[in-house]
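A.B. asks: Predicted model follows, preceded by the sequence.
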Amino acid sequence: MAMGISSAKDEGYNISITIKGYPNKKFFLGYYFGDKQYLRDSTTSDKTGKMVFKGDKPLEGGVYLLASAEKNLIFDFVISEPVFTLETDTADLVNNMKIKGSPENDVFFTYTKYTTKMGKEAMKLDEGIKTAKDKNDTAQTRILTDNYRVITTDLVNYRKNIMTQYPSTLISKIFKMMVDVDVPPAPLNNMGEIIDSNFQYHYYYNHYFDNFDWSDNRIVRTPVFHQKLEYFMLKLTPQIPDSIISSANYILKKSEAGKENFKYCLFWITNHYETSNFMGMDKVFVHMVDQYYTKGKAFWVDETLLFKMKDRADQLRNNLLGSKGPNLNMMDTSNVYHTLYNLKADYTLLIFWDANCGKCKEEMPKLKVLYNEMNPKGAKTKYFDVFGVSLTPDAKEWQKYLRENKLPWLNVYDPNNETNFRRLYDIYSTPVLYLLDVNKKIIAKRLNVDQLREFIKEYEKIHAQ
C-alpha cells in the first residue's frame, strides 16, 4: 500500500471539489444510508468554485452526494479513497468531470456520462413513440420501439462489462445487487407434471441475495440496498410473525459478514415491526430483543437503551398472539372476586375500559349489541362472553355507568392493582380489547368492536378447513 494512502486513512479525509461557475457558495456533503440521505459535512467554495471537505476521522465508504445550500442535488459520487479531487464546471457537470486520485470515481463517472447520453437518446425515442402512436403510425412505432430496446440492451451489457472489468468497485457491486434472480423452470416428474408448485418461489427466495457482497460495508450506503431489503421482508416474506422471524434470521446471518450491513438490517427490522400497526407483529420485536440485543450482538446500543428494550419486550411477551392470556382475579361491584379463567365460552372478550373515556362510550353500546346477538336466548352454553375490567379512577362513576347502561356481562375492577394487569396486558390507554378462545389463548388483540364480528367469522372459516 502506498505510503500516502495509508497516512491519509490514519488522518481522516480530504476531498477537493471544484465547480467553475459556483464561487463563494455553501455546499453540503451528504450520503445515502438505507432509504434516506443524511448530511455529513459542509463548506463554502472560494472565488474559483473550489471547496474542500476534510475531517480527522475517515469517512465510511459508499455513495455520497454534493448538495447546494438549498439542499438541491448537484451530483452523486463515490467515497472509497480518503483523498481525491473532482473538477468540473456548470456548463456540463457530468461530462466535463475530471477525477484525480480516485479509480472508483473514474469508473463511476464514466458510467454516469454513458447513461446521461443514452438517457437523452431514450427520451427522444420515447417522445417519438408517443407521437407515432397518436398518429396510429404502427410502422414508425415498431421501428422506434426496437431502437429503444437496443438502448436498454446496450445498458445491460455496459453494466455487465463493468462488473467483469472492475469487480471490486462499489458501482459494480451496486449493479450486481440490481440483477434479478434467474429462476429455472420447476422440475417435472416422469408424467411431465410439476413436482413442487412452490419451487420457483422457494428458489427465488433462497437465491435473492446471491449477488450481494455482504462483507463490503459500503453497500448499505447506496440507494439500492434498502430497497432490496425491504422487498425481501415485506413482499417475498408472508407477513406472519413466524415467517418474518425466519426471514429476519436468514438476512442477519448473511449480513454478519459486514458489521455495518448487520447493524442496519437489525435496526431496520426491529424498528419496522416494533412500530407496525398490524396485529401480532410485537412477536417479531420480542424475538429480535431476545435473540440479538440481549445477547450482545447489537454492539452499538448503550445500557440505557438496552434496558428499555428488554423491559418493553418483557411487557409484550405476556400477551403475544398464540399465548395463553394471563389469568386475572378481580372484584365486582359487590367486592366479590371473579376469575377470568372461570368464564366458560367459545370466545371470551377481555376489555379494559374507562367510564369517562369518550372512545369507550362509543364502543360499549356496540359491544352490548354484539353480546346479545352472539348469545341468543335459550342457549345452554355461552358462545361469546365478556370480562370487563374498569380503569375508571372513581369507582362510583363506574358503578353509575353500569346501572344506567345495564351491561350484561361480568364487570370487575382492581382498585389496589393486585393483579398487575397493566403490565401483563400492556395497558397504557383505553379501550383495549383481547379476544381469547375457549382455552383462553389470545387469538386477537387491539381490535375495535366493529372488527370483532368479522374476525370471528374469518377465524372459524380458517379453522374449519
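C.D. replies: All right, it came through fine. Just so you know, these numbers come straight off a predicted model, no measurement behind them.
A.B. asks: Confirm V284 sits in a helix?
C.D. replies: Yes. Residue state for V284 (DSSP: H, G, I helix; E, B strand; the rest coil) corresponds to a helix.
A.B. asks: nearest residue to it other than its sequence neighbours?
C.D. replies: In space, V284 comes closest to Y273 once its chain neighbours are excluded; the distance is 3.9 Å by Cβ to Cβ, 6 or more residues apart in numbering. C-beta here means a position set from N, CA and C on the backbone, and glycine is covered the same way.
A.B. asks: ok, now which ones touch the one you found?
C.D. replies: Listed by Cβ atoms under 8 Å, 6 or more residues apart in numbering, the contact partners of Y273 are 244, 281-282, 284-285, 288.
A.B. asks: of all those residues, which comes closest to E104?
C.D. replies: Closest to E104 out of the contacts of Y273 is M288 (34.5 Å), distances taken as Cβ to Cβ.
A.B. asks: That closest one is in what secondary structure piece?
C.D. replies: Taking DSSP states H and E as the criterion, M288 maps to helix 282-288.
A.B. asks: what helices or strands is the very next helix or strand once past that helix leaning on?
C.D. replies: In the C-terminal direction, the helix or strand that comes right after helix 282-288 (DSSP H and E) is helix 303-317. With contacts defined as 3 or more Cβ pairs under 8 Å, 6 or more residues apart in numbering; DSSP states H and E, the secondary structure elements packing on helix 303-317 are helix 282-288.
A.B. asks: who touches the helix it packs on?
C.D. replies: Helix 282-288 has contacts (Cβ under 8 Å, 6+ apart) with 241-242, 244-245, 248, 266, 269-270, 273-274, 276, 312-313, 316-317, 320-322.
A.B. asks: so how far is it off the chain centroid?
C.D. replies: 14 Å (Cα atoms, centre = their mean, to the nearest Å).
A.B. asks: quick one, helices of the stretch 351-465 of the chain?
C.D. replies: Per DSSP state H, counting those that start in this stretch, the stretch 351-465 of the chain carries helices over the ranges 358-374, 395-405, 421-424, 449-463.
A.B. asks: Any buried residues in the shortest one, and which?
C.D. replies: Right, helix 421-424. Of all the residues in helix 421-424, those buried under the rule 16 or more other Cβ atoms under 10 Å are F421.
A.B. asks: so what's the residue positioned nearest the centre of the chain closest to, chain neighbours aside?
C.D. replies: By Cα atoms, centre = their mean, the chain has its centre lying nearest to H272, at 4.5 Å. The shortest distance from H272 to any residue that is not its chain neighbour, by Cβ to Cβ, 6+ apart, is 7.5 Å, and that residue is M233.
A.B. asks: who's in contact with the one you found?
C.D. replies: The neighbours of M233, taking Cβ under 8 Å, 6+ apart as the test, are 244, 247-248, 251, 269, 272.
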